[in-house]
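Q: have a look at this prediction, sequence included:
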Amino acid sequence: MTVDEAPRQRSGGRAGRHAARLSRQVERMPFLTRKLKPFEILDEEGLATLEHNADTILEEVGLEFRGDPVAIALLKDAGADVQGERVRFPRGMCRRIVQATAPREFTQFARNPANSVQIGGMASVFAPNYGSPFVRDLDNGRRYGTIEDFRNFVKLAYMSPHLHHSGGTVCEPVDVPVNKRHLDMVYSHIRYSDKPFMGSVTAPERARDTVEMARITFGPEFVDQNAVVLSLINANSPLVWDATMLGAARAYAEANQATLLTPFILAGAMAPVTAAAVCAQTLAESLGGMTLVQLVRPGAPVVLGSFASSMSMQSGAPTFGTPEPALVLYVMAALARRLGVPFRSGGSLCASKIPDAQAAYESAATLQPTVLAGVNFILHAAGWLEGGLACGYEKFVMDADQCGMMAVLVKGLDMSENGQALDAIRENGPGQHFLGTAHTLANFETAFYRSEIADNNSFEQWQEDGSLDAAQRANKVWKRMLFDYEAPPIDPAIDEALQDFIARRKASMPDSEV
């Protein structure tokens, strides 16, 4: 019996209290509005030097825009030097074009307006894992993802109060043909959640299918004027934008939908090994992509993205949670602010195969710089395992719990009268504990973050409860969340129209694995 098929039983007592808490959680918490200043590691001179270096790369080396003559023509008409598919940009050209029309921040609207998010400024948005072909849980181990797994993760993101976004390809549903699975994935985001979502980018026509499904859901006029889809456009580093990504980027830009222009760099393989070089190359590649988007439709929302990983120089395997990518993250966040566009990076990244101590250390070493740097859109915030090859059920809820902690951290210090609590100190006096004071009683429910995963009981109580480790406790949490899941309402006419569109599109083409 699957989680969805389990009988729905409600009872009083402890189970009833938990159900009540869960229903309150579904109301969710808004995206983060940071009160902490971003942590800066480089001065004005250093940042200006990296901007100069990025312009040098664009001017002297250039970028290749492969297999897209429309993109080449747009760039040439705008003043770029085009020789075949190699495009070189006069110094400062990309920055001028991006700064002239790209919005500093924008709203991505959700099907439920209460779940719409701000991208940019002092806002931070947590979105789940993306792109993993495998999934993992304690019961069934590591296996290829299915459409049922995909729907489960969409439901978990919907139920998680600390995730503000439904994400995109949370895992790959390999039991659905490649050329048709995007339809099922986008539909799952729309039907089983009412948070914002990401679109398909694996082919230009799949991006256009996403836009059409968004138009069915939100209305054509609304979509034309507002961002309702945010999609990941990856550079093929070093210094290449390929036809698939360019076609998807143009499809979304033409529809005025938002794109994350993100170089994916494994330092030492797709860029030099030094952090400063990775920053300059990342800025150059992303500037080229954002420039194209602005030429397709001035004002279409863009997000400067950075995904930089270190690598084992012995094996070539990517490594996570190391200090060098954190340095890149801090610097790229500052460069995005100077450019005047939102920034995407970070997450809860690790190389560990299971949700163990290595996973916890590496994820924390990625998530904390992400938040302190002031990243606006945080993909891979929950579920990432095995360098992104797997999305873990237990890791998903453990990471979401950490996202909740970060939400408290970014609020900064409470300097209100209640926060300073001078009256409580006066009234209590020396040598007396504060457990029973009026101030403690008035604040005890909200004073500290309460983890759903951590065990803070005595050793004896922990033994009595089964001597469970964090992953075992998380296993119970995600099963309970799926058991209590109830789909958000949707207009039946919209749902019918979506299913009709999907049926017609699937019938129009044979199954394909490309």
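A: Good, I have the coordinates.
Q: His165 reaches Ala127, doesn't it?
A: Yes - between His165 and Ala127 there is a contact under C-beta atoms under 8 Å: 3.7 Å. In short, each C-beta sits where N, CA and C put it, glycine included.
Q: now the common contact residues for these two.
A: Listed as contacting both His165 and Ala127 by C-beta atoms under 8 Å, 6 or more residues apart in numbering are Ala157, Met198, Phe377.
Q: what is the neighbour count of Ile502?
A: 17 (other C-beta atoms under 10 Å).
Q: oops, could you answer that again for Thr291 instead?
A: 27.
Q: give me the phi and psi angles of it.
A: Dihedral pair for Thr291: phi -60, psi -50, per degrees, to the nearest 10.
Q: secondary structure element for the residue nearest to it when sequence neighbours are not counted?
A: Excluding its sequence neighbours, the residue lying closest to Thr291 (C-beta to C-beta, 6 or more residues apart in numbering) is Cys94, at 4.5 Å. Element membership of Cys94, judged by DSSP states H and E, is helix 93-101.
Q: contact partners of that helix?
A: 51, 55, 58, 78-80, 287-288, 290-291, 294-295, 298-299, 302, 339-341.
Q: which stretch of helix or strand covers Pro325?
A: Counting by DSSP H and E, Pro325 is part of helix 323-339.
Q: skip ahead from that helix and say which helix or strand is next.
A: Toward the C-terminus from helix 323-339 - assigned by DSSP H and E - lies strand 343-344.
Q: quick one on the thing from earlier: buried ones among the contacts of helix 93-101?
A: 51, 55, 58, 78, 80, 287-288, 290-291, 294-295, 302, 339, 341 (16 or more other C-beta atoms under 10 Å).
Q: compile these into a markdown table and extend it with columns for pLDDT, secondary structure and distance to Pro90.
A: Formatted as a markdown table, those follow (pLDDT from 0 to 100; DSSP: H, G, I helix; E, B strand; the rest coil; distance: C-beta to C-beta, whole Å):
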| residue | pLDDT | secondary structure | distance to Pro90 |
| --- | --- | --- | --- |
| Glu51 | 98 | helix | 15 |
| Asp55 | 98 | helix | 9 |
| Leu58 | 98 | helix | 9 |
| Ala78 | 98 | coil | 10 |
| Ala80 | 98 | coil | 7 |
| Leu287 | 98 | helix | 13 |
| Gly288 | 98 | helix | 13 |
| Met290 | 98 | helix | 16 |
| Thr291 | 98 | helix | 12 |
| Gln294 | 98 | helix | 16 |
| Leu295 | 98 | helix | 15 |
| Val302 | 98 | strand | 20 |
| Leu339 | 98 | helix | 17 |
| Val341 | 98 | coil | 20 |
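Q: between which two of those residues is the distance greatest?
A: With C-beta to C-beta as the measure, no two of the buried ones among the contacts of helix 93-101 lie farther apart than Glu51 and Leu295, at 20.8 Å.
Q: which residues of the protein score low on pLDDT?
A: 1-27 (pLDDT under 70).
Q: how about the residue nearest in space to the middle of the chain, what does it touch?
A: Nearest to the mean C-alpha position of the chain, by C-alpha atoms, centre = their mean, lies Leu379 at 1.9 Å. By C-beta under 8 Å, 6+ apart, the contact set of Leu379 is Ala127, Tyr130, Gly167, Leu232, Leu260, Arg344, Gly347.
Q: direction included, what does the longest strand along the chain pair up with?
A: The strand spanning the most residues in the chain, taking DSSP state E as the definition, is strand 258-266. Sheet pairing of strand 258-266 (DSSP bridges) gives strand 229-235 (parallel), strand 302-305 (parallel), strand 307-311 (parallel).
Q: tell me the contacts of Ala442?
A: So Ala442 contacts Asn418 (C-beta under 8 Å, 6+ apart).
Q: next SSE downstream of the helix or strand hosting it?
A: Taking DSSP H and E as the definition, one finds Ala442 inside helix 438-443. Per DSSP H and E, the first helix or strand lying C-terminal to helix 438-443 is helix 459-464.
Q: run through who's touching that next one.
A: Asp455, Leu468.
Q: what is the burial count for Asp484?
A: Neighbour count of Asp484, defined by other C-beta under 10 Å: 18.
Q: hmm, it is touching Lys155, no?
A: No - applying C-beta under 8 Å, one finds Asp484 not in contact with Lys155, separated by 10.0 Å.
Q: what comes up buried for the helix holding Cys94?
A: For helix 93-101, a neighbour-count test (16+ other C-beta under 10 Å) marks Met93, Cys94, Arg95, Ile97, Val98 as buried.
Q: okay, and the beta partners of Arg136?
A: Arg142, Gly392.
Q: list the contacts of it.
A: Taking C-beta under 8 Å, 6+ apart, one finds Arg142, Arg143, Lys353, Ile354, Leu385, Glu386, Ala390, Cys391, Gly392, Tyr393, Glu394, Lys395 in contact with Arg136.
Q: ok, the fourth one touching Met398?
A: What it means is Ile354. No - at 11.4 Å, Ile354 and Met398 do not qualify as touching, with contact defined as C-beta under 8 Å.
Q: anything in contact with each of these two?
A: Between them, Ile354 and Met398 share the contacting residues Ala471, judged by C-beta under 8 Å, 6+ apart.
Q: the two: which has the busier surroundings?
A: Remark: of Ile354 and Met398, Met398 carries more neighbours, 27 against 18, as counted by other C-beta under 10 Å.
Q: with only the CA atoms kept, save stretch 189-205 in PDB.
A: Extracted in PDB, the C-alpha atoms of stretch 189-205 (Å, rounded to 0.1, in the frame of the first residue of the first chain):
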ATOM      1  CA  HIS A 189       3.400  21.300  -9.800                       C
ATOM      2  CA  ILE A 190       0.100  23.000 -10.800                       C
ATOM      3  CA  ARG A 191      -2.300  20.400  -9.500                       C
ATOM      4  CA  TYR A 192      -0.600  19.100  -6.300                       C
ATOM      5  CA  SER A 193       0.700  22.400  -5.100                       C
ATOM      6  CA  ASP A 194      -0.200  26.100  -5.300                       C
ATOM      7  CA  LYS A 195       3.300  27.400  -4.800                       C
ATOM      8  CA  PRO A 196       5.300  29.000  -7.600                       C
ATOM      9  CA  PHE A 197       7.000  26.500  -9.900                       C
ATOM     10  CA  MET A 198       9.700  26.100 -12.600                       C
ATOM     11  CA  GLY A 199       9.300  25.100 -16.200                       C
ATOM     12  CA  SER A 200      10.900  22.600 -18.600                       C
ATOM     13  CA  VAL A 201      14.100  23.500 -20.400                       C
ATOM     14  CA  THR A 202      15.100  20.200 -22.100                       C
ATOM     15  CA  ALA A 203      13.900  21.400 -25.500                       C
ATOM     16  CA  PRO A 204      12.400  24.700 -26.800                       C
ATOM     17  CA  GLU A 205       9.100  23.100 -27.600                       C
END
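Q: and Gly412, how far is that from Glu464?
A: 39 Å (C-beta to C-beta, to the nearest Å).
Q: and Ser348, its phi and psi?
A: Torsion angles, degrees, to the nearest 10, at Ser348: phi -120, psi 70.
Q: which ones are touching it?
A: Applying C-beta under 8 Å, 6+ apart, we find Ser348 in contact with Ser363, Thr366, Leu367, His380, Ala381, Ala382, Gly383, Trp384, Lys395, Asp399, Gln402, Cys403.
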